[in-house]
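Q: Sharing a model that was predicted from the sequence below.
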Amino acid sequence: MKTFKEYAMTSRQQITQMQGYWGDLKAHGSQKSVDDTKKKSLERKFGIRDIKLDRKGKIISFKSERGKLVAGDGGKNEGYQEDQNLADLVGGEASDMIKALKKGDVRKAKTSYKIIGRLLK
């Protein structure tokens, strides 16, 4: 079965996780230089850029390494995101199943078929 990856997380979950990393970073100096240093560090470590902060210094949005905007919009698009994540997981398994069938590996194809069934329950 495919493993759960960060790209399969909802936007709110991604923002919360990055906020945790943001809070753990240590930097010294004025608030602006500290924020710039933290932004550069997160860009190097995770490939995220265009980090937007609120007045309290909390992350409200950023662009992922693939260029996708991740925003904690209060759950407005969470249902869509979950549906999209499920579609991505099922699509990956379907792709694996088709490859297995082309190679004649019926056992692998059946396994992928069962995994798709579990995902859709």
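A: Arrived safely.
Q: Going by C-alpha atoms from here, please, whenever you check contacts or count neighbours.
A: Will do.
Q: in the sheet, who's paired with the closest residue to residue 50 other than its chain neighbours?
A: Excluding the flanking residues, the one nearest residue 50 by C-alpha to C-alpha, 6 or more residues apart in numbering is residue 62, at 5.3 Å. With DSSP bridges as the criterion, residue 62 is bridged to residue 70.
Q: give me every residue that touches residue 62.
A: Residue 62 makes contacts with 48, 49, 50, 51, 52, 69, 70, 71, as judged by C-alpha atoms under 8 Å, 6 or more residues apart in numbering.
Q: Tell me the spacing between it and residue 20.
A: 14 Å (C-alpha to C-alpha, to the nearest Å).
Q: Kindly report the same for residue 34.
A: 16 Å.
Q: Run through this structure and note the low-pLDDT ranges.
A: Residues of the chain meeting the criterion pLDDT under 70: 1-8, 73-81.
Q: mind listing the strands for it?
A: 49-53, 59-63, 69-71 (DSSP state E).
Q: possible to save those strands as TSV with distance to residue 118?
A: What follows is these, written out as TSV (distance: least, C-alpha to C-alpha, whole Å):
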stretch	distance to residue 118
strand 49-53	36
strand 59-63	32
strand 69-71	28
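Q: Any idea which of the ones you listed gets closest to residue 14?
A: strand 69-71 (7.6 Å; C-alpha to C-alpha).
Q: just to revisit the earlier point, just the buried residues of the contacts of residue 62.
A: Neighbour-count burial (16 or more other C-alpha atoms under 10 Å) is assigned, among the contacts of residue 62, to 48, 49, 51, 69, 70, 71.
Q: ok, so of these, who is nearest residue 111?
A: residue 70 (33.4 Å).
Q: Now do the helices in the protein.
A: 11-24, 31-46, 78-103, 106-120 (DSSP state H).
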